[in-house]
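Participant: Any chance you could fold what I've pasted below:
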Amino acid sequence: NVGKTVLKIESQKVIPGNEISLPITIEKNHGFFSGQIIIEYDSGALEFISCENGEVFDECFTYKPTGEDSIVIIVEQTTKLENTDINGVVAMLKFKVRASAKKGTYPISFYLPKKVDDGTGFLKIQDLDAEKWTIPKCVDGKIVVE
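Facilitator: Residues are numbered from 1 along each chain as shown. Presented below is the predicted three-dimensional model:
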């Protein structure tokens, strides 16, 4: 796993009224104990339904901040005191495209603010006390409504 860790959301095409599942994958995983992934989307066109855990971490918790219709926060972690270096699906996002959604492209984006611990990032066990976050290269996805 040489090089910068890459976090990616798959892009897909869909028609209004349908549900769609988008995997979030990790490549070049250098071994992490926990992570926080913040996703932004267009809540006027898309309705967030759920998020399921993938094969990389043991547990996945999802919540929406109060008053934020277009943000989902995903917290991932291992259940043992060890880092996981598995590459693959971190989480599976499920959206419903609103029947009123117009044809077009709707980004599904990672939130990467200036203050690291408020955005998308991962922690290794050895970096927990220092809160030394690893920020992956993030590749946003999109839903194309046809």
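
Participant: How about the residue of the chain most remote from its centre: what's its closest non-neighbour residue?
Facilitator: No residue in the chain sits farther from the centre than S100, which is 25.2 Å out by Cα atoms, centre = their mean. Excluding its sequence neighbours, the residue lying closest to S100 (Cβ to Cβ, 6 or more residues apart in numbering) is P16, at 7.2 Å. C-beta here means a position set from N, CA and C on the backbone, and glycine is covered the same way.

Participant: how near is the residue farthest from the centre of the chain to I20?
Facilitator: 16 Å (Cβ to Cβ, to the nearest Å).

Participant: Going along the chain, name the strands of the protein.
Facilitator: For the chain, the strands defined by DSSP state E cover 6-9, 12-14, 19-27, 34-40, 46-53, 59-63, 71-77, 88-97, 104-110, 121-123, 137-139, 141-145.

Participant: Partner strands of the fourth one, with direction?
Facilitator: Spelled out, it's strand 34-40. strand 71-77 (antiparallel), strand 104-110 (antiparallel), strand 121-123 (antiparallel) (DSSP bridges).

Participant: Thank you, goodbye.
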